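K.L.:
One predicted model, sequence on top.
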Amino acid sequence: MNTTGTSRRAFITRTAAAGIGSMALARKSFAAPDADTYFAGAAEREITPPIGMEITHFVRENIGVHDPLFLRALVLRDHNGRQLALLSADAIGAGFATCDEIRNRIKTECGMDEVWFSCSHTHSGRWILSSPTPGRIYTEELWWDDGTHVALTDRPEELVWNTEVHQKLVSAVNEAKDRLEPAVLKTGRASVKIGINRRVTRPDGFTQMGWNRNGQIVPWVSSLSAHSKETKKPIFVLFEHAAHPVTVPHHSKLVSADFPGAAVKKLRQSLPTDCIAAFSQGCSANINSFPLRTTHGDAEAAGFKLGEAALVALDRSQVITGNAIRFKTVPTLLPTMPLPSERIVEEQLQIQREHPDRIKQLMKIAHFRTTGQPPPPRRLDAHGLMLGKEFFLVALPFEHFSHTERWVDDHAPFANTMTFTLTNGGRGYIGSDKGLAMGVNGGYEAGCMPNWSAHEVMSPNLGPPAIGSEKIIQGAIEALWS
């Protein structure tokens, strides 16, 4: 972390709070000098968990810090005063309950018109959880959404850390808002590959994790940057790439942001000290970073490669015209795959007798079959940000296969696109129709019962999304720009 930049931002925050004529207050007060002006500001906070707190995935108790975790807040304002906060955190994820809470709080306390909260998906970090409230019932749906089976009220140290993270999100947005200044926005892209397609189909038709050399990935990094109109220096650089941050070995007990943290480090070496660099995750559900689970050194090398490409994208970036921020949300529900047959349920009730969690899930399925209810659908809110004719950013909850990002890039009527996942909630996978059509052979990300190794088999939805979800998602994304 750059201590000089941190000290400067801390000074600005303190003087603004004290009512002194600081740079922050000066920036808040001035009117747009030109009809084509955007405004931009940024801030960051460290959110590294203390020693002894669990990190995941896989779950292990951390014994120290290899590299710290951060959250970053980027605020945009247009000529008419409409404000958007883009938040990025070095975290494995955050559910709908958490993201709804954070977004509503920031809208209220920071005066934002819209808030997006994204997670890098580092597997050497933590879930960010929703805040306990008096009388709240911890339903199985909430356990799943929060990624935990133990209430925060029963883990005092983690409750303190989680509460601080929520507070730091608010303070970072307020600081970024105080630092708003007239800015030129730019967008760019460069080629880079730090990942591999991880879905390999065996001769018997079953899909497992491996290295699919011919499988689809997203071979680029895209950027959105803001540059001071006065100094011409960058205020922030937001960059996106699609790959699971799993280069750090799962047996390492050191906290790490994995390759996204290293990429930010590389960018900061070439940017002004007070410029904020922030990473957001693309459509990486079927992509692992490479090499997989090896060393911290490999994670840094992959991150430096990505950071260098992001600098190329920044250097090649083109100006975004206009003065208006347009954003839109399309609420969507994805149907769930039809329930397994009565025969399969009865067979599995006998086979899984030694697995109480699976028996419980089977009994739920049996109840739904008896009552004739369809399995619960998934909430999937598609969010869009549009700037001029040059830029479209779509943000989706859950983890999506790379085909979604490729589809957006092919079909959006904008010169440049970015696609975020793990944004504003959602735990689990949204497979492609091709993957879902494989049924029990669909692998970890898309398989259905009786493939108990498939992630969505144990979800509150009782199975993965239904075939046809791909078209529903594409329709929701198209509605963002229509």
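P.N.:
That came in fine, so what should we check first? Numbers count the residues shown, from 1 in each chain.
K.L.:
Regarding this protein, what is its longest strand?
P.N.:
When the chain is parsed with DSSP state E, its longest strand is strand 181-191.
K.L.:
Show me what secondary structure element comes after it.
P.N.:
strand 195-201 (DSSP states H and E).
K.L.:
For that next one, list every residue counted as buried.
P.N.:
Residues of strand 195-201 classed as buried: 195-199, 201 (neighbour count, 16 or more other CB atoms under 10 Å). In this view, the C-beta of every residue, glycine as well, is placed from N, C-alpha and C.
K.L.:
Same check on stretch 272-284?
P.N.:
Along stretch 272-284, these residues count as buried under the neighbour rule (16+ other CB under 10 Å): 274-284.
K.L.:
could you give me the average pLDDT of that stretch?
P.N.:
Mean pLDDT, computed over stretch 272-284, is 97.
K.L.:
How far off centre is it?
P.N.:
12 Å (CA atoms, centre = their mean, to the nearest Å).
K.L.:
again with stretch 180-200
P.N.:
14 Å.
K.L.:
buried set for it?
P.N.:
Buried-residue list, stretch 180-200, by 16+ other CB under 10 Å: 180-190, 192-199.
K.L.:
do stretch 215-233 as well
P.N.:
215-218, 220-229.
K.L.:
JSON lines please, covering these and showing pLDDT and distance to Phe259.
P.N.:
Output for the buried residues of stretch 215-233, formatted as JSON lines (pLDDT from 0 to 100; distance: CB to CB, whole Å):
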{"residue": "Gly215", "pLDDT": "96", "distance to Phe259": "19"}
{"residue": "Gln216", "pLDDT": "97", "distance to Phe259": "20"}
{"residue": "Ile217", "pLDDT": "98", "distance to Phe259": "14"}
{"residue": "Val218", "pLDDT": "98", "distance to Phe259": "15"}
{"residue": "Trp220", "pLDDT": "98", "distance to Phe259": "16"}
{"residue": "Val221", "pLDDT": "98", "distance to Phe259": "12"}
{"residue": "Ser222", "pLDDT": "98", "distance to Phe259": "16"}
{"residue": "Ser223", "pLDDT": "98", "distance to Phe259": "16"}
{"residue": "Leu224", "pLDDT": "98", "distance to Phe259": "20"}
{"residue": "Ser225", "pLDDT": "98", "distance to Phe259": "20"}
{"residue": "Ala226", "pLDDT": "98", "distance to Phe259": "24"}
{"residue": "His227", "pLDDT": "98", "distance to Phe259": "26"}
{"residue": "Ser228", "pLDDT": "97", "distance to Phe259": "29"}
{"residue": "Lys229", "pLDDT": "96", "distance to Phe259": "33"}
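K.L.:
Tell me which two of those sit farthest apart.
P.N.:
Gly215 and Lys229 (43.8 Å; CB to CB).
K.L.:
looking at the protein, which helix or strand is least sure?
P.N.:
Using mean pLDDT, DSSP states H and E, the weakest-scoring helix or strand in the chain turns out to be helix 23-29, at a mean of 33.
K.L.:
Pull out the buried positions in the next helix or strand along the chain from that helix.
P.N.:
With elements assigned by DSSP H and E, the helix or strand that comes after helix 23-29 is strand 38-46. For strand 38-46, the neighbour count (16+ other CB under 10 Å) marks 38-45 as buried.
K.L.:
Turn those residues into CSV, including pLDDT and distance to Gly425.
P.N.:
As requested, the buried residues of strand 38-46 are exported to CSV (pLDDT from 0 to 100; distance: CB to CB, whole Å):
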residue, pLDDT, distance to Gly425
Tyr38, 96, 28
Phe39, 97, 28
Ala40, 98, 26
Gly41, 98, 25
Ala42, 98, 23
Ala43, 98, 23
Glu44, 98, 22
Arg45, 98, 21
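K.L.:
And the helices in this structure?
P.N.:
3-18, 23-29, 96-110, 140-146, 156-178, 258-270, 296-316, 342-351, 356-371, 402-411, 433-436, 443-446, 469-481 (DSSP state H).
K.L.:
Beta-bridge partners for Tyr38, please?
P.N.:
Taking DSSP bridges as the rule, Tyr38 bridges to Ala183.
K.L.:
Spit out the contact partners of it.
P.N.:
Listed by CB atoms under 8 Å, 6 or more residues apart in numbering, the contact partners of Tyr38 are 76-79, 182-185, 226, 320, 323, 325, 387.
K.L.:
State the distance from it to Ala73.
P.N.:
As defined by CB to CB, to the nearest Å, Tyr38 lies at a distance of 16 Å from Ala73.
K.L.:
Next: Ile365.
P.N.:
42 Å.
K.L.:
Of these two, which one has the most company?
P.N.:
Shown here are Ile365 and Ala73; by other CB atoms under 10 Å, Ala73 has more neighbours (32 against 20).
K.L.:
So that one is in contact with Ala40, correct?
P.N.:
No: using CB atoms under 8 Å, Ala73 is not in contact with Ala40, being 11.4 Å away.
K.L.:
Okay, buried residues for stretch 396-413 please.
P.N.:
By neighbour count on 16+ other CB under 10 Å, the buried set for stretch 396-413 is 396-409, 412.
K.L.:
mind saving the C-alpha coords of it as PDB?
P.N.:
The C-alpha coordinates for stretch 396-413 follow below in PDB (Å, rounded to 0.1, in the frame of the first residue of the first chain):
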ATOM      1  CA  LEU A 396     -24.600  -9.700 -12.700                       C
ATOM      2  CA  PRO A 397     -24.900 -11.600  -9.500                       C
ATOM      3  CA  PHE A 398     -23.600 -15.200  -9.200                       C
ATOM      4  CA  GLU A 399     -20.700 -16.700 -11.200                       C
ATOM      5  CA  HIS A 400     -21.300 -17.000 -15.000                       C
ATOM      6  CA  PHE A 401     -19.600 -19.000 -17.700                       C
ATOM      7  CA  SER A 402     -17.400 -17.100 -20.200                       C
ATOM      8  CA  HIS A 403     -19.900 -17.300 -23.000                       C
ATOM      9  CA  THR A 404     -22.000 -14.500 -21.300                       C
ATOM     10  CA  GLU A 405     -19.100 -12.000 -21.400                       C
ATOM     11  CA  ARG A 406     -18.400 -13.000 -25.000                       C
ATOM     12  CA  TRP A 407     -22.000 -12.600 -25.900                       C
ATOM     13  CA  VAL A 408     -22.200  -9.100 -24.400                       C
ATOM     14  CA  ASP A 409     -19.100  -8.000 -26.300                       C
ATOM     15  CA  ASP A 410     -20.600  -9.300 -29.500                       C
ATOM     16  CA  HIS A 411     -24.100  -7.900 -29.200                       C
ATOM     17  CA  ALA A 412     -24.000  -4.600 -27.100                       C
ATOM     18  CA  PRO A 413     -24.400  -1.600 -29.400                       C
END
